[in-house]
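Trainee: Sequence first, then the predicted structure:
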Amino acid sequence: MATVVVGFVPKQEGEAALRAAIDEVGRLGGRLVVVTALRQDETDSDWIAKTQSELAAARERLDAAGVDYVVHESETDAEIDAADDLTQVARDEDADLVVIGIRRRTATGKLILGSQAQRILLDAPCPVLVVKPE
């Protein structure tokens, strides 16, 4: 039974990653671990509400897809960031695959992958599927 870990953020990249992760779990069989993080110092109540709303919608999509899943919600700080949290969950869950979403970049930006995504690619204990929004 495969374990797929997906990084979820309430943005187009997160939606693309979730769709791809659901497809991979369907293809491989197994369980999906959805990892989402809020910074401990986050004070923007609109952002927090949007994150919770998007996470609730993601749970509905997962339920409708009939996927066996668990949601790992964590609070990050300056010591532990989202990339560290995602790779640690992948290790703890003995993941077979990690799925992350990336955003489109300018021509110059394409030379350098986002630092979080790059760290996940380098530090993940298993293959990483990187997807972009349509």
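Mentor: Done, it's in.
Trainee: Low-confidence stretches in this structure?
Mentor: The model of the chain has pLDDT under 70 over residues 38-44, 47, 75-80, 104-114.
Trainee: and with 80 instead?
Mentor: Applying pLDDT under 80 to the chain picks out residues 37-51, 74-81, 103-115.
Trainee: Would you state the helices of it in chain order?
Mentor: Here the chain has its helices, by DSSP state H, at 12-28, 45-65, 82-92, 115-123.
Trainee: Any idea what the nearest residue to residue 121 once chain neighbours are set aside is bridged to?
Mentor: Computed as CB to CB, 6 or more residues apart in numbering, the closest residue to residue 121 that is not its neighbour in sequence is residue 128, at 5.3 Å. For glycine as for every other residue, the C-beta is placed from the backbone atoms N, C-alpha and C. Note on residue 128: beta-bridge partners by DSSP bridges are residue 98.
Trainee: Can you give me every residue that contacts residue 128?
Mentor: The neighbourhood of residue 128, defined by CB atoms under 8 Å, 6 or more residues apart in numbering, consists of 97, 98, 99, 100, 120, 121.
Trainee: Against residue 98, how distant is it?
Mentor: Separation of residue 128 from residue 98 (CB to CB, to the nearest Å): 5 Å.
Trainee: same deal with residue 66?
Mentor: 22 Å.
Trainee: cool, and residue 4?
Mentor: For residue 4 relative to residue 98 (CB to CB), the value is 8 Å.
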